[in-house]
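Q: next one to model:
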Amino acid sequence: MKTRKSFLLRIDPRLFQELEAWAAAEFRSVNAQVEFLLRECVSRRRKALPSGEMPGGPEAPDIPEGPHDSN
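A: Down below sits the predicted model:
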């Protein structure tokens with residue numbers, strides 16, 4: 001089984017409500033939605049930056065899709 005990193009996230013309650021509604025609309029948990037959004041942002045950033053500027057450089061591994069990213 002894959003290990004996953006846990007961390008505490010403090011977030012504005014109104015932003016959490018927006019994420020919660022968005023997650024429900026896409027049949028995800030809030031946690032899965034946040035992870036999906038972060039993965040999308042990192043992927044876009046990698047495409048936008050020259051490979052040497054991304055932390056980890058060109059050898060940085062791709063971020064695997066999560067279990068609920070089929071949407």
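Q: output stretch 18-38 as CSV, nothing but the C-alphas.
A: The C-alpha coordinates for stretch 18-38 follow below in CSV (Å, rounded to 0.1, in the frame of the first residue of the first chain):
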residue,chain,number,x,y,z
GLU,A,18,-16.8,26.5,-1.7
LEU,A,19,-14.4,23.5,-1.9
GLU,A,20,-16.9,21.3,-0.2
ALA,A,21,-19.7,22.2,-2.7
TRP,A,22,-17.3,21.8,-5.6
ALA,A,23,-16.1,18.4,-4.4
ALA,A,24,-19.7,17.2,-3.9
ALA,A,25,-20.5,18.3,-7.5
GLU,A,26,-17.6,16.1,-8.7
PHE,A,27,-18.4,13.2,-6.4
ARG,A,28,-15.1,13.6,-4.4
SER,A,29,-14.3,14.2,-0.8
VAL,A,30,-12.9,17.6,0.1
ASN,A,31,-9.5,16.0,0.7
ALA,A,32,-9.5,14.3,-2.8
GLN,A,33,-10.7,17.6,-4.4
VAL,A,34,-7.8,19.6,-2.8
GLU,A,35,-5.3,16.9,-3.8
PHE,A,36,-6.8,16.9,-7.4
LEU,A,37,-6.5,20.7,-7.6
LEU,A,38,-3.0,20.8,-6.3
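Q: and the nearest residue to A23 once chain neighbours are set aside, how far is that from A21?
A: Excluding the flanking residues, the one nearest A23 by Cβ to Cβ, 6 or more residues apart in numbering is Q33, at 3.6 Å. Bear in mind the C-beta positions are built from the backbone N, C-alpha and C, glycine included. Noted for Q33: a distance of 10 Å to A21, by Cβ to Cβ, to the nearest Å.
Q: neighbour count: these two, which is higher?
A: Neighbour count, other Cβ atoms under 10 Å: between Q33 and A21, Q33 has more, with 21 against 12.
Q: tell me which other helices or strands the helix or strand where the more buried one lies touches.
A: Taking DSSP states H and E as the criterion, Q33 maps to helix 30-48. Where contact means 3 or more Cβ pairs under 8 Å, 6 or more residues apart in numbering; DSSP states H and E, helix 30-48 is packed against helix 13-25.
Q: who are the packing partners of the helix it packs on?
A: Applying 3+ Cβ pairs under 8 Å, 6+ apart, one finds that helix 13-25 contacts helix 30-48.
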